[in-house]
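Asker: 3D, please:
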Amino acid sequence: AIPCGRLSPTYAMREGRFNSRLSSSGRGCGRVVLRITSGNICNSIIIFRKKTSRSDKKDYFCALNLNLKESKNMSKPLKGKIENTTAYMLAIPRNEADIESPDKLFAHLRGAKDFTLMNISHDEELDCPTLYIAYKEEIYLIAVEPADFNYDEGYFKHKLSDENIEELEAATTGLQLSMLFSKHALDSYHLLLKVLYCLVPDLIGVYNCNSFMLLSPLWVRTAAEAATPPAPSYLYTIHAVSDDNGKVWLHTHGLNCCGVMDLEIIETDKEHYSKHGDVLTNMADNAISKGTLADEKELIYTGSLASGECLVTTWVNWREGLKMYDENIMGGIKDREDEAHAQDTGLVFAYLSEGDYKKGKYTPLTKIKEEEWENPLYMVSDEETLRMSELARERLPYLREGLKRDGAQAIVKIGLDVDKDSLEEAGCDHEHIWFEVDEITGDRISGSLIQEPYFVASMHEGSTGTYTFDKLTDWILYVDDQKITPDSVYLLSLLN
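Answerer: Numbers count the residues shown, from 1 in each chain. Presented below is the predicted three-dimensional model:
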């Protein structure tokens with residue numbers, strides 16, 4: 001069997017972060033909002049129902065000819081790591097007059113504490129100012145220019161107040177920043193947020209043009225002021241497009257900005273697309289946090305299925321991958337007429353055995369038995385584990401404040417030392433596991449274990465313990481029917 005690699009045994013308890021947003025593939029399509037609930041996790045996913053009729057046959061044959069022509073040059077395996085595409089983000093000001101004067105805008109940058117403005121020059125090609133900014137031992141070039149904004153509720157990433165929505169509906173102009181990310185995509189994204197907020201502190205929203213994601217101004221403020229970057233899931237979205245037969249095409253948008261292939265799953269359905277989407281989420285998160293993606297058809301140790309068998313995935317360029325499906329499948333060649341769905345994207349498959357890998361035999365995820373998708377465990381990179389831990393500790397004041405509210409409860413994830421005789425099996429020094437919070441005093445958290453550990457024999461569900469903050473890796477606050485994590489503390493500002 002293919003070795004499983006290092007797993008986080010409690011990853012299945014982690015917050016689900018599968019999101020879908022409006023894309024160009026949804027032109028002329030009706031939308032159906034589905035709510036998928038699993039335990040305490042609730043994901044809202046927008047499904048686009050694709051019309052089956054097609055009036056423009058010429059476009060179809062042009063796309064087919066393009067596919068056949070380009071496929072001749074696809075015999076060599078593609079690289080998972082690609083050249084970054086440009087990242088675009090749009091800050092929408094409360095008052096358009098705030099972005100009319102470049103001099104006033106750039107004056108805000110002079111006193112920035114988190115980055116250093118090195119120079120401002122005029123970009124002749126783009127015909128707009130370009131900022132030269134030093135941040136974490138990198139120099140970034142950021143183009144700045146006004147751009148049109150058109151509100152669409154399908155772009156939502158966050159919960160917004162009614163007043164905020166009314167402001168966005170009336171807005172027509174924003175300040176667009178564009179740049180190439182460095183090899184550290186999360187740091188690059190974080191810098192972009194910091195610069196946007198510094199330029200336009202009185203904003204009503206930020207729109208990520210690459211992932212079609214509209215961000216709350218409250219979230220942007222907390223993210224921009226933080227020392228720790230936001231979660232990788234903020235750099236991309238997963239779109240779900242369905243046909244009249246209930247088949248669903250899942251695909252990401254935004255990963256190309258991070259220098260890796262976008263990813264897709266073909267022919268899932270409305271009953272299973274959320275679980276299959278979790279695979280895309282995990283692969284995308286790890287690719288962003290590691291700064292790379294395995295090359296085409298190479299092994300990606302993604303997690304462990306319900307039976308304990310390893311989930312080993314791979315990706316294949318979309319032209320080759322589509323050969324396994326009917327030509328009229330959702331996500332097929334007919335849906336590849338626009339550039340966004342026809343370049344630098346790969347279909348995700350699984351290797352069911354080491355022998356399959358050696359033979360180059362990959363299998364659609366939809367062919368894996370349904371029972372295997374019950375509470376699978378997913379790998380979390382060391383980089384993401386560290387980021388989550390740092391953000392959880394940085395945002396502890398919000399947890400303390402939230403617990404003062406009537407009826408508030410919380411759980412915290414603590415990194416327990418793995419037993420010495422289980423180190424080899426665990427593949428890591430710590431098992432990250434959830435406790436219900438009993439008390440937070442000084443620099444310590446006391447709580448009761450709410451699940452059974454895998455590799456700590458002395459602890460069982462119901463066991464109690466007190467731990468210093470350096471053991472904390474995550475937390476969730478439940479208050480006023482809201483689930484608040486370190487990455488969504490902005491929600492506390494919306495509570496009555």
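Asker: OK, contacts around the residue nearest to Lys247 when sequence neighbours are not counted?
Answerer: Computed as C-beta to C-beta, 6 or more residues apart in numbering, the closest residue to Lys247 that is not its neighbour in sequence is Met330, at 5.0 Å. Any C-beta I mention is one placed from the backbone N, CA and C, and that applies to glycine too. Residues in contact with Met330 (C-beta atoms under 8 Å, 6 or more residues apart in numbering) are 50, 241-243, 247-249, 266-267.
Asker: in what helix or strand does Met330 lie?
Answerer: Assigned by DSSP states H and E, Met330 belongs to no helix or strand.
Asker: May I have the phi/psi pair for it?
Answerer: Dihedral angles of Met330 (phi, psi; degrees, to the nearest 10) stand at phi -60, psi 130.
Asker: do Arg387 as well
Answerer: Residue torsions, per degrees, to the nearest 10, at Arg387 are phi -60, psi -50.
Asker: for Lys104, same thing?
Answerer: Lys104 adopts backbone torsions of phi -70, psi -40, taken as degrees, to the nearest 10.
Asker: count of residues packed around the residue nearest to it when sequence neighbours are not counted?
Answerer: Distances taken as C-beta to C-beta, 6+ apart put Asp98 closest to Lys104, at 7.9 Å, once the chain neighbours are dropped. Neighbour count for Asp98, taken as other C-beta atoms under 10 Å: 18.
Asker: Pull the contacting residues for Asp98.
Answerer: Counting by C-beta under 8 Å, 6+ apart, Asp98 has contacts 104-105, 200, 202.
Asker: Then Leu191?
Answerer: Leu191 sits in contact with 115, 133, 135-136, 140, where contact means C-beta under 8 Å, 6+ apart.
Asker: does it sit in a helix, a strand or a coil?
Answerer: helix (DSSP: H, G, I helix; E, B strand; the rest coil).
Asker: how about the strands of the stretch 301-450 of the chain, start to end?
Answerer: In chain order, the stretch 301-450 of the chain shows strands spanning 310-317, 345-351, 363-364, 377-378, 409-417, 430-441, 444-449, with DSSP state E, counting those that start in this stretch as the criterion.
Asker: got the angle for the fifth one vs strand 444-449?
Answerer: It stands for strand 409-417. 90 degrees (axes from the mean of the first three to the mean of the last three C-alpha atoms, to 10 degrees).
Asker: The nearest residue to Arg336 once chain neighbours are set aside: neighbouring residues, count only.
Answerer: Closest residue to Arg336 apart from its sequence neighbours, by C-beta to C-beta, 6+ apart: Ala342 at 4.4 Å. Ala342 has 17 neighbouring residues, counting by other C-beta under 10 Å.
Asker: Against Met213, how distant is Ala342?
Answerer: 22 Å (C-beta to C-beta, to the nearest Å).
Asker: and if you look at Gln451?
Answerer: 32 Å.
Asker: Who has more neighbours out of these two?
Answerer: Using other C-beta under 10 Å as the criterion, Gln451 and Met213 rank with Met213 on top: 24 against 16.
Asker: burial count for the closest residue to the more buried one other than its chain neighbours?
Answerer: Using C-beta to C-beta, 6+ apart and skipping the chain neighbours, the partner closest in space to Met213 is Lys157 (4.6 Å). The tally of other residues near Lys157 (other C-beta under 10 Å) stands at 21.
Asker: Surely Lys157 and Phe212 touch.
Answerer: No. At 9.3 Å, Lys157 does not count as touching Phe212 under the criterion of C-beta atoms under 8 Å.
Asker: What score does Lys159 have for pLDDT?
Answerer: Lys159 carries a pLDDT value of 90.
Asker: mind listing the helices for the stretch 1-150 of the chain?
Answerer: Under the criterion DSSP state H, counting those that start in this stretch, helices of the stretch 1-150 of the chain are mapped to 57-71, 102-107.
Asker: which stretches of the chain have low pLDDT?
Answerer: For the chain, residues meeting the criterion pLDDT under 70 lie at 1-75.
Asker: so where do the strands sit in the stretch 101-250 of the chain?
Answerer: Counting by DSSP E, counting those that start in this stretch, one finds strands in the stretch 101-250 of the chain at the ranges 116-123, 128-135, 138-148, 173-179, 203-208, 213-215, 237-242, 247-253.
Asker: and Lys183, how far is that from Glu83?
Answerer: Relative to Glu83, and taking C-beta to C-beta, Lys183 is found at 12 Å.
Asker: I should have written Ser161 there, sorry.
Answerer: Applying C-beta to C-beta, the value for Ser161 to Glu83 is 40 Å.
Asker: Distance from the chain centre to whichever helix in the chain runs longest, please.
Answerer: Of all segments of type helix in the chain, defined using DSSP state H, the longest is helix 273-290. Centroid displacement of helix 273-290 relative to its chain, using C-alpha atoms, centre = their mean, to the nearest Å, is 8 Å.
Asker: Could you tell me the angle between it and strand 345-351?
Answerer: Using the same axes, to 10 degrees: helix 273-290 against strand 345-351 is 110 degrees.
Asker: what angle do helix 273-290 and strand 237-242 make?
Answerer: Using the same axes, to 10 degrees: helix 273-290 against strand 237-242 is 150 degrees.
Asker: just to revisit the earlier point, who's more crowded, Ser161 and Glu83?
Answerer: Counting neighbours by other C-beta under 10 Å for Ser161 and for Glu83 shows that Ser161 has the greater number, 13 against 9.
Asker: Skip the chain neighbours and tell me the closest residue to the more buried one.
Answerer: Closest to Ser161 by C-beta to C-beta, 6+ apart is Leu494, at 6.3 Å.
Asker: any idea how far the one you found is from His158?
Answerer: Taking C-beta to C-beta, one finds Leu494 at 10 Å from His158.
Asker: which residues do these two both contact?
Answerer: The contact lists of Leu494 and His158 share Leu218, where a contact means C-beta under 8 Å, 6+ apart.
Asker: quick one, which of these two is more surrounded?
Answerer: His158 (18 against 15).
Asker: quick one, what contacts that one?
Answerer: Residues in contact with His158 (C-beta under 8 Å, 6+ apart) are 214-216, 218-219, 488, 490.
Asker: same deal with Leu218?
Answerer: Contacts of Leu218 (C-beta under 8 Å, 6+ apart): 158, 490, 493-494.
Asker: same question, Glu166
Answerer: Contacts of Glu166 (C-beta under 8 Å, 6+ apart): none.
Asker: And for the closest residue to Ile99 other than its chain neighbours, the neighbour number?
Answerer: In space, Ile99 comes closest to Leu175 once its chain neighbours are excluded; the distance is 4.6 Å by C-beta to C-beta, 6+ apart. Neighbour count of Leu175, defined by other C-beta under 10 Å: 23.
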